[in-house]
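1. can you look at this prediction? I've put the sequence above it.
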Amino acid sequence: MSRSVRLLTCLLGITCAFAFITTATIASDFSASDNSNKDLILKQLSRALNKVSRMNDLGTKDRFLEKIAVGYAQIGEFKQAREVAESISYGTNKVTAFVWIARQYDSVGNTKGTGWSLSRALAVSETITGKVDLSEALTDIAATYVALDYEQDVAGILSQSLFTAHQLKNSKTKARLFRDVANVYMTIGYSDQAQGIANQAAIINLRSNNRK
């Protein structure tokens, strides 16, 4: 499953392994007039946050913090969402959190919050050391700028993502990342670049299959 697909399912992931935050999944359907519903979600997210903060497994902790941050953003608690996102240790989860906070800001017409969150996601990506994770994160950020129709040097971000993917040795992963980059290039009207990168991905796959 590509990271872009995982991102699309992130909002459904507020339900963690903890039964007490199961109903937090209704946050995306929250109506501002339904204060009792919001209060319930806030309590559940707070309980989840308290429990997650005591976790020793950093990877699992970061994944849950990412989902909790998104949960707060979904109900309009952006300050809390940003604070939880900032507490995430690993860059990939942190980038994902800020990308989705940006999407939630955009859904309520807060352009300043959207721009800040996307800029923050881009800055956090600079802390990612793994080449696969970095390429995926940059492509996701670029795709989000495009989806939200926000001004940014998307081609520059994609170029960096592609450069990073070029350095990978695993052919299957490299080809997948190339295709993801090509798809975003296509959405911004760079059809020649998109086709060229897609062709490279096909050649990489062909060479990989011939070696088997």
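-> Okay, I see it. Numbers count the residues shown, from 1 in each chain.

2. just the helices in this protein please.
-> Per DSSP state H, the chain carries helices over the ranges 3-8, 35-52, 58-74, 78-86, 91-107, 111-125, 131-147, 154-166, 171-187, 191-210.

3. so what does the longest one touch, helix or strand wise?
-> Packed against helix 191-210, as judged by 3 or more CB pairs under 8 Å, 6 or more residues apart in numbering; DSSP states H and E, are the following elements: helix 171-187. Placement of C-beta: from N, CA and C, glycine included.

4. output the lowest mean pLDDT helix or strand found in this protein.
-> helix 3-8 (a mean of 44; mean pLDDT, DSSP states H and E).

5. buried set for stretch 185-203?
-> Tyr185, Ile188, Tyr190, Gln193, Ala194, Ile197, Ala198, Gln200, Ala201 (16 or more other CB atoms under 10 Å).

6. then stretch 113-127?
-> Under 16+ other CB under 10 Å, the buried positions of stretch 113-127 are Gly113, Thr114, Gly115, Trp116, Ser117, Leu118, Arg120, Ala121, Leu122, Val124, Ser125.

7. do stretch 75-89 as well
-> Buried-residue list, stretch 75-89, by 16+ other CB under 10 Å: Ile75, Gly76, Glu77, Phe78, Gln80, Ala81, Arg82, Val84, Ala85, Ser87, Ile88.

8. distance of the closest residue to Val146 other than its chain neighbours from Asp180?
-> Closest residue to Val146 apart from its sequence neighbours, by CB to CB, 6 or more residues apart in numbering: Thr187 at 5.3 Å. As judged by CB to CB, to the nearest Å, Thr187 and Asp180 stand 11 Å apart.

9. please apply the same query to Gly189.
-> Applying CB to CB to Gly189 and Asp180 gives a distance of 17 Å.

10. please apply the same query to Leu45.
-> On the measure of CB to CB, Leu45 and Asp180 end up 31 Å apart.

11. one more: Gln44?
-> Distance, Gln44 to Asp180, using CB to CB: 34 Å.

12. the more surrounded of the two?
-> Taking neighbours as other CB atoms under 10 Å, Gln44 and Asp180 compare with Asp180 leading, 27 against 21.

13. near the closest residue in space to that one that isn't next to it in sequence, how many residues? Count them for me, please.
-> Leaving aside its chain neighbours, Asp180 sits nearest to Thr139 (4.9 Å; criterion: CB to CB, 6+ apart). Other residues within reach of Thr139, judged by other CB under 10 Å, total 26.

14. ok, Thr139 touching Arg176?
-> No: counting by CB atoms under 8 Å, Arg176 is not a contact partner of Thr139; they are 10.5 Å apart.

15. nearest spatial neighbour of the residue most central in space within the chain, chain-adjacent residues omitted?
-> For the chain, the residue nearest the mean C-alpha position is Thr96 (2.7 Å; CA atoms, centre = their mean). In space, Thr96 comes closest to Glu66 once its chain neighbours are excluded; the distance is 5.5 Å by CB to CB, 6+ apart.
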